[in-house]
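Engineer: What shape does this take:
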Amino acid sequence: MIEFRHSKNQAFYDYWHNLPRTGILPDKSSFKPEEIPSLLSTMLVYELVSHDFIRIRLIGSTVEERFGGHRTGTNYLDVVEEHRKPSASAALWSQVEKPCGMHVLLEQELMSGRIASIEAVGLPISNIEGGHPLILFQNNEISRDQDDVSLIDQHQLDDKKNRLLKYVRVFERTFFDLGAGVSEFRD
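Structural biologist: Numbering: from 1, shown residues only. Just a heads-up that it's a prediction; the model follows:
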């Protein structure tokens, strides 16, 4: 099992793991954001519409600030470097094609030049009501020092420009088993 570096990622996994389910995945109807208010500011919900369009259905306020403003309803791939878009899309789609969790360590370069180190955890949910596949993500800034798991204080980032996203760079992606094996996708 993955050892999460950020406590919110562990809390997110624990919440998802304890949701009622009929198969491997909990259904969208069992996901109640109001049950996890402390995780909402760093949460994302992606709707996989097509390989070229990954709709941001929900974006927490902390993540939205880093992404540079209102992004609900927009295409996540718009914040991915052009040459990485096919790979970013394939990684998300692989998570629903063979239901598995995703743990990602990434860097987000902000417009100021500051690099934000992020630990993200993605977990698919079933959408038996029909519609497109959904993935819930928790997205938390961590210390750049691999040995220091202290958290970044968002209140210290008082310069708005310092928080605007320029691009995303994945430097480690791990899939983990939720009961159906793991994706064979590799960047």
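
Engineer: Now tell me what touches stretch 120-130 from outside.
Structural biologist: Contacts with stretch 120-130, where a contact means C-beta atoms under 8 Å, 6 or more residues apart in numbering, come from 2, 4, 9, 12-13, 16, 19, 21, 23, 25-31, 46, 92, 95-96, 99-106, 133-140, 178. C-beta: built from backbone N, CA, C; applies to glycine.

Engineer: tell me the centre residue of this protein?
Structural biologist: Residue closest to the average C-alpha location in the chain (C-alpha atoms, centre = their mean): Phe137, at 3.2 Å.

Engineer: before we move on, the earlier item: buried subset of the contacts of stretch 120-130?
Structural biologist: Buried by 16 or more other C-beta atoms under 10 Å: 4, 9, 12-13, 16, 19, 25-28, 30-31, 46, 92, 95-96, 99-106, 133-140, 178, out of the contacts of stretch 120-130.

Engineer: Please narrow those to those residing in strands.
Structural biologist: Among the buried ones among the contacts of stretch 120-130, DSSP state E puts 46, 100-106, 134-140 in strands.

Engineer: and the least confident of those residues?
Structural biologist: Lowest pLDDT among these: Leu106, with 86.

Engineer: Quickly note the distance from that one to Glu184.
Structural biologist: 21 Å (C-beta to C-beta, to the nearest Å).
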